[in-house]
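> Predicted model follows, preceded by the sequence.
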Amino acid sequence: MTSNTLLSVEEVLQQLSVIRKCGYAVDNEELEYGLVCLGVAIMDSNNKPVGGISVSGPASRMTPENRTAFAEYLIDCGRQISSKL
């Protein structure tokens, strides 16, 4: 755990609201300092989550621009995979 780790139900629910709006999740050094992860859900034909895909990298290289580019790529890949289920 780090100082960025979500510790309360309220924090998690707030973060879920952000995830739903933007379409992807961010782990901003919540597990380990220096590590940033982005992820999207894989949905089945009933729009239920059945898996996920993610990308991780060092915080120094996960700039806002890179995060945006990776998020767009992940969202597209997630949609493509989901459409096959």
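Everything's here; your move. Residues are numbered from 1 along each chain as shown.
> and stretch 70-85, average pLDDT?
For stretch 70-85, mean pLDDT is 95.
> contacting residues around it?
22-24, 38-45, 50, 52-55, 62 (Cβ atoms under 8 Å, 6 or more residues apart in numbering). (Each C-beta comes from the backbone N, C-alpha and C, glycine too.)
> how about stretch 13-30: buried residues?
Judged by neighbour count using 16 or more other Cβ atoms under 10 Å, the buried positions of stretch 13-30 are Tyr24, Ala25, Val26, Asp27, Glu29, Glu30.
> quick revisit: which members of the contacts of stretch 70-85 are classed as buried?
Looks like the contacts of stretch 70-85 have Tyr24, Leu38, Gly39, Val40, Ala41, Ile42, Met43, Val55, Met62 buried, using 16+ other Cβ under 10 Å.
> hang on, the earlier thing: in the buried residues of stretch 13-30, find the pair that's most separated.
Tyr24 and Glu29 (16.5 Å; Cβ to Cβ).
> For the protein, which segments count as strands?
25-28, 35-43, 49-58 (DSSP state E).
> ok, now which ones touch Ser60?
By Cβ under 8 Å, 6+ apart, the neighbours of Ser60 are Gly34.
> and the gap between Ala69 and Glu29?
Per Cβ to Cβ, to the nearest Å, Ala69 is found 19 Å from Glu29.
> got it, and Ser60?
11 Å.
> just Ser56 next, same as before
Taken as Cβ to Cβ, the span from Ser56 to Glu29 is 11 Å.
> where do the contact lists of those two overlap?
Leu35, Val36.
> Read off the pLDDT value for the residue nearest the centre of the chain.
Per Cα atoms, centre = their mean, the C-alpha nearest to the average position across the chain is that of Ala25, at 2.3 Å. Listed pLDDT for Ala25 reads 95.
> That concludes my questions; thank you for your assistance.
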